[in-house]
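**Student:** Sharing a model prediction with you, sequence too.
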Amino acid sequence: MQPHPDDNAPTRGTLLAAAPTDPDAARPERGASAISTRGLVKSYPGPDGTAVEAVRGLDLDVRQGEAFAFLGPNGAGKSTTISLLCALARPTAGRATVAGADVLDQPDRVRRQVGMLSQHSALDMDLTAEQNLRIHARLYGLSRRHARRRAAETLEAVGLADRNHSPVRTLSGGMRRRLELARGLLHEPRILFLDEPTTGLDPHARTQVWQHLRALRDRQGITLFVTTHYLGEAENCDRLAIIDGGRLVAQGTPVALKAAIGDDRVVLRTGDDQAAREVVSKAAPPGTTTTLDGEGISLRLPDGSSWIPRLCGALMAHGIPVHAASATPPTLDDVFFHHTGRSIHGAHPLPGAGPVGPQSTTTTSGEGP
Ligand SMILES: Nc1ncnc2c1ncn2[C@@H]1O[C@H](COP(=O)(O)OP(=O)(O)OP(=O)(O)O)[C@@H](O)[C@H]1O
């Protein structure tokens with residue numbers, strides 16, 4: 001890791017510090033500020049002399065010991081933000097403090113406090129798990145003894161102690177990801193940045209990666225700053241932020257962000273959705289918007305499940321068969337849609353991959369007369 005990488009090419013490799021520990025740094029209190037940005041801006045030179053504003057005036061606050069999810073569509077500015085916060089790229093404007101150090105004035109100190117797990121693997125497939133870690137630790141300044149000790153400790157922390165002598169090519173995808181996590185932990189960072197740490201893994205491997213991440217947070221108070229396309233994972237974080245077009249459009253706990261959306265989403269599939277829409281519009285409270293799409297008729301109502309019998313009754317009274325009816329409390333996808341105008345799944349098609357977290361849906365179905 002070079003201390004001053006090319007500003008216009010954010011480094012996506014795993015970040016390790018030039019020195020294993022920061023003598024200036026006392027262990028921070030859980031709940032103290034881990035990341036704080038004000039008006040953070042990053043512009044890149046674009047085509048024909050224009051500028052690409054990847055990050056536009058970000059005000060972000062993350063507390064020590066939090067698991068913080070950072071969501072956004074492709075090209076929203078997530079990786080650029082991580083590069084700025086890891087002092088791998090210089091902000092065009094604004095300030096950012098990471099683990100108590102200023103990214104502009106104290107970039108080396110920032111780099112000593114953060115670890116990074118990028119989207120791209122840089123493991124040597126022919127070396128063993130332990131050799132990978134020891135070489136990496138030695139490359140970045142740990143003594144031989146310290147490197148051996150940290151390799152053993154971090155392998156233990158990610159549940160790979162029994163695979164220490166296995167060549168990387170013999171490890172599963174999930175194990176390799178955990179090995180990369182171990183590598184990001186070698187220098188005992190306070191804050192771990194993880195850029196899509198579970199993309200491409202099967203649900204079991206994703207769950208395992210998260211078990212180890214949570215253990216790191218719970219036992220060592222490490223702050224986790226995670227980009228993910230899996231809303232079930234974001235759901236399990238303490239707080240999350242949504243970035244779109246370089247701007248922060250929402251920030252809060254999953255519960256608060258969903259509560260801010262308000263009403264449940266009621267969806268009805270009938271034998272004649274066009275006619276049913278008129279009936280439903282009349283039966284619903286005045287001013288309720290109904291939409292008709294491939295899913296059927298949908299509308300937002302408070303306590304949606306209590307409305308289903310009433311709406312179905314009205315439809316059946318008009319001789320319209322009801323094939324299915326569901327009421328769903330606001331989901332993080334609704335939150336994402338509300339703030340970005342698109343579904344995260346549409347933004348990131350993930351064939352065959354579902355979220356790890358629970359989905360809460362009430363469904364009633366039945367045939368009409
Ligand atoms: N080195 C660069 N030079 C010019 N433009 C860049 C550079 N890096 C990123 N960008 C642009 O900045 C914007 C934000 O990119 P960034 O990679 O931060 O988004 P992202 O949210 O991480 O996307 P993804 O989810 O696809 O990884 C995009 O328009 C991208 O094309």
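**Tutor:** Good, I have the coordinates.
**Student:** alpha carbons only for contacts and neighbour counts from here, please
**Tutor:** Noted.
**Student:** Now for the closest residue to the ligand within the stretch 151-300 of the chain, how many residues are close by?
**Tutor:** Relative to the ligand, the nearest point of the stretch 151-300 of the chain is residue 246 (7.0 Å; C-alpha to the nearest ligand atom). Neighbourhood size, residue 246 [other C-alpha atoms under 10 Å]: 25.
**Student:** What values do phi and psi take at it?
**Tutor:** Main-chain dihedrals, residue 246, degrees, to the nearest 10: phi 80, psi 0.
**Student:** how about the nearest residue to residue 224, chain neighbours excluded?
**Tutor:** In this structure, residue 224 finds its nearest non-sequential neighbour in residue 67, 4.6 Å apart by C-alpha to C-alpha, 6 or more residues apart in numbering.
**Student:** Wait, the one you found touches residue 215, no?
**Tutor:** No. Look at residue 67 against residue 215 with C-alpha atoms under 8 Å: they stay out of range, at 11.2 Å.
**Student:** okay, these two: which has more neighbours?
**Tutor:** Remark: of residue 67 and residue 215, residue 67 carries more neighbours, 25 against 14, as counted by other C-alpha under 10 Å.
**Student:** Next, find the distance separating that one from residue 210.
**Tutor:** Distance, residue 67 to residue 210, using C-alpha to C-alpha, to the nearest Å: 11 Å.
**Student:** ditto for residue 111
**Tutor:** Shown here: residue 111 relative to residue 210, a distance of 24 Å by C-alpha to C-alpha.
**Student:** ditto for residue 266
**Tutor:** Residue 266 is 32 Å from residue 210, by C-alpha to C-alpha.
**Student:** got a pLDDT number for the residue of the stretch 151-300 of the chain closest to the ligand?
**Tutor:** Confidence at residue 246, expressed as pLDDT, is 94.
**Student:** now do residue 344
**Tutor:** On pLDDT, residue 344 comes in at 80.
**Student:** which residues touch it?
**Tutor:** Shown in contact with residue 344 (C-alpha atoms under 8 Å, 6 or more residues apart in numbering): 72-73, 229, 333, 336-337.
**Student:** Could you rerun that using 10 Å?
**Tutor:** Contacts for residue 344 (C-alpha atoms under 10 Å, 6 or more residues apart in numbering) come out as 71-74, 229-231, 332-337, 350.
**Student:** From residue 133, how far out is it?
**Tutor:** Separation of residue 344 from residue 133 (C-alpha to C-alpha): 35 Å.
**Student:** longest helix of this structure?
**Tutor:** helix 203-220 (DSSP state H).
**Student:** Now do the buried residues in it.
**Tutor:** Neighbour-count burial for helix 203-220, with 16 or more other C-alpha atoms under 10 Å as criterion, is recorded at 205-210, 212-214, 216-217.
**Student:** As TSV, these with distance to residue 253 and pLDDT would be great.
**Tutor:** Output for the buried residues of helix 203-220, formatted as TSV (distance: C-alpha to C-alpha, whole Å; pLDDT from 0 to 100):
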residue	distance to residue 253	pLDDT
205	25	85
206	22	87
207	21	90
208	23	86
209	22	86
210	18	90
212	22	86
213	19	89
214	17	90
216	20	86
217	17	90
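**Student:** closest to residue 61 among those?
**Tutor:** Comparing those against residue 61 with C-alpha to C-alpha places residue 217 closest, at 17.5 Å.
**Student:** Low-confidence ranges, the chain, go.
**Tutor:** 1-31, 346-369 (pLDDT under 70).
**Student:** mind running it again at 80?
**Tutor:** 1-31, 119-121, 140, 345-369 (pLDDT under 80).
**Student:** Name the residues of the stretch 1-150 of the chain found near the ligand, please.
**Tutor:** Listed as neighbours of the ligand in the stretch 1-150 of the chain under the rule C-alpha under 6 Å from any ligand atom: 8-9, 44-45, 52, 54, 72-80.
**Student:** what's the nearest residue to residue 45 if we skip its chain neighbours?
**Tutor:** Counting by C-alpha to C-alpha, 6+ apart, the nearest residue to residue 45 once its immediate chain neighbours are dropped is residue 51, at 4.6 Å.
**Student:** Phi and psi next, for the one you found.
**Tutor:** Per-residue torsions, residue 51: phi -120, psi 140 (degrees, to the nearest 10).
**Student:** can you give me the strands in the stretch 201-350 of the chain?
**Tutor:** For the stretch 201-350 of the chain, the strands defined by DSSP state E, counting those that start in this stretch cover 223-227, 239-244, 247-252, 264-270, 290-293, 296-301, 322-328.
**Student:** CSV for those strands, including distance to residue 98 and mean neighbour count?
**Tutor:** Output for these, formatted as CSV (distance: least, C-alpha to C-alpha, whole Å; neighbours: other C-alpha atoms under 10 Å):
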stretch, distance to residue 98, mean neighbour count
strand 223-227, 11, 26
strand 239-244, 17, 24
strand 247-252, 18, 18
strand 264-270, 38, 22
strand 290-293, 45, 14
strand 296-301, 41, 21
strand 322-328, 38, 21
